[in-house]
Each structure stands twice: as structure tokens, then as C-alpha cells.
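Peer 1: quick one, what's the 3D model for this:
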Amino acid sequence: MTARKKDEPTPGEQIEALERLRSMKETEKDAAQIALSGAFDLLGVAEGGPNINHPGPPRPPADGSRSIVERLKAAKHMEELGRDHEPFEEIRAAADELHNIIAACRETIEAKADAIGTLTDEVAQLRAEHRDHFIACNEQGSRAGEAILDEVLAAIDAAKPVVAGMWDGWSRVGIRISRNDELDNARRVVENIRRECCWPGRSEAAYRGSQPKTSLSVPEVREQLPAAI
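Peer 2: Have a look, this model is predicted:
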């Protein structure tokens with residue numbers, strides 16, 4: 001087995017990098033979706049698209065400005081009255097710009113979604129290719145969890161007489177103090193987690209027993225042969 005190069009990332013580090021990139025793409029996709037929705041609001045039409053089955057009514061623009069529909073209606077009204085109004089050319093130019101924004105946002109959303117899908121597949125592939133590595137990491141995590149929970153149980157046991165003595169001390173001098181006798185319950189909860197939730201199958205022994213047996217290596221076969229052979 002060749003040694004891993006010093007600067008070669010572990011499978012876990014590779015996945016972390018892919019997940020960071022995926023998170024960034026999701027943030028960018030969300031930003032593009034917000035911009036897309038805002039453009040529809042400024043147009044004054046209900047947002048449509050392949051992911052929207054039942055478009056709702058148009059929303060007012062978030063910045064409080066008038067939509068294109070409202071601007072056109074106001075300009076036409078003032079035109080009918082023979083009064084000054086916002087030029088229709090400016091309104092239509094603004095509408096064209098919003099349509100361009102919508103097209104660009106949709107392209108961005110599609111590209112980000114494709115990238116997110118590819119990154120998700122790559123993460124799944126890495127997890128499958130390096131399953132044994134991640135299982136070994138999980139086993140270390142289970143042992144570390146057991147050790148920490150043992151420390152928590154020991155700390156609770158050490159705290160119980162100290163807390164009881166503290167309450168008794170205040171009571172003996174006639175000063176009231178609030179009491180809470182939940183330490184025993186807390187210990188039962190932690191003890192249950194320690195007993196039931198650190199390993200698949202509840203214990204390392206049960207977990208080991210549930211794993212499929214693999215073929216033995218030559219040295220392991222020799223160890224199981226009678227000494228005379």
C-alpha cells in the first residue's frame with residue numbers, strides 16, 4: 001500500500017470541498033431566483049416558469065415602486081386626458097430590460113442547478129468509493145462519543161453530592177434556595193444515550209457481529225491452522 005502524498009486530500013476533505021462548492025452554488029441559485037422574482041414583480045405579472053404550476057396574482061414590487069403594468073396604465077390615462085405623462089418608449093425600454101434580466105436569471109438558475117446536481121452525484125460517488133474509510137471514521141467517532149459520555153456520567157456523579165451539600169448548607173443557615181432534583185433524570189438520559197445510541201445495533205459487539213465476514217488473508221489463514229501443519 002503506497003503512502004498518501006502529504007498534500008493529497010483525504011476522501012473527507014474532498015467531500016468537504018465539494019460540499020462547500022455546492023453550498024456556494026445553492027446560494028448563487030437562490031440569489032438568481034430572488035432577482036428573477038423581483039423582475040416579475042417589477043413587470044407587474046405573475047411569476048411563471050417550469051417549476052410553477054399555479055401562478056399566483058402579481059406581487060407589488062418590494063421597493064415600493066410602480067410596476068410596468070401600473071406605469072403603462074398611468075401613462076395611458078394621462079394621455080387620454082391630454083396631459084404630460086411618462087414616455088411610453090421609456091416604459092417599454094424598462095420592460096425589455098426586465099425581460100432580459102428574467103432570461104439571464106433563468107439561464108443562471110438552470111446552470112447552477114446542473115452544477116449542484118453534478119456535485120451531489122460526485123459526493124455520493126466518493127462516499128461509495130471510500131465507504132470503508134468513512135466507516136472507519138465513524139467507528140472512531142463512536143468510540144470518542146462513548147468516552148465523552150462516560151466523562152459526562154462521571155461529572156454528574158461528582159456533582160450530585162456537591163449540589164446536595166450546597167442546598168443543605170443554605171438551608172441550615174435559614175436562607176431559602178431553589179432546588180432542582182433533575183440530576184438523576186439527566187444521568188438516566190445520558191446513560192441511555194451511552195447505552196443505546198453510540199453504535200449501530202447499540203453496542204460495538206453487536207455492530208461487529210452484524211458485519212459480513214470477509215475472506216481471510218494468508219497470514220490469518222496460517223494463524224487458524226494447527227501448529228503441526
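Peer 1: show the average pLDDT along stretch 101-116.
Peer 2: Per-residue pLDDT over stretch 101-116 has a mean of 97.
Peer 1: what's R20 in contact with, if anything?
Peer 2: When contacts are counted by C-beta atoms under 8 Å, 6 or more residues apart in numbering, R20 is found next to no other residue. Backbone N, C-alpha and C define where each C-beta goes, glycine included.
Peer 1: next: R195.
Peer 2: Neighbours of R195 in contact, by C-beta under 8 Å, 6+ apart: R202.
Peer 1: likewise R71?
Peer 2: In this structure, R71 makes contact with 86, 91, 94, judged by C-beta under 8 Å, 6+ apart.
Peer 1: by neighbours, which of these wins?
Peer 2: Comparing those by number of neighbours (other C-beta atoms under 10 Å), I91 comes first, having 20 neighbours.
Peer 1: now it: closest residue in space that isn't a chain neighbour?
Peer 2: When the adjacent residues along the chain are set aside, I91 lies closest to R71, with 5.0 Å between them (C-beta to C-beta, 6 or more residues apart in numbering).
Peer 1: which strand or helix spans the one you found?
Peer 2: Assigned by DSSP states H and E, R71 belongs to helix 68-80.
Peer 1: can you show me the CA trace of that helix as CSV?
Peer 2: Only the C-alpha atoms of helix 68-80 are listed here, as CSV (Å, rounded to 0.1, in the frame of the first residue of the first chain):
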residue,chain,number,x,y,z
ILE,A,68,-44.5,48.3,-15.7
VAL,A,69,-48.2,47.5,-15.9
GLU,A,70,-49.0,50.3,-13.5
ARG,A,71,-46.7,52.7,-15.3
LEU,A,72,-48.3,51.9,-18.7
LYS,A,73,-51.8,52.3,-17.2
ALA,A,74,-51.0,55.7,-15.7
ALA,A,75,-49.3,56.9,-18.9
LYS,A,76,-52.3,55.9,-21.0
HIS,A,77,-54.7,57.5,-18.5
MET,A,78,-52.8,60.8,-18.6
GLU,A,79,-52.6,60.6,-22.4
GLU,A,80,-56.4,60.3,-22.6
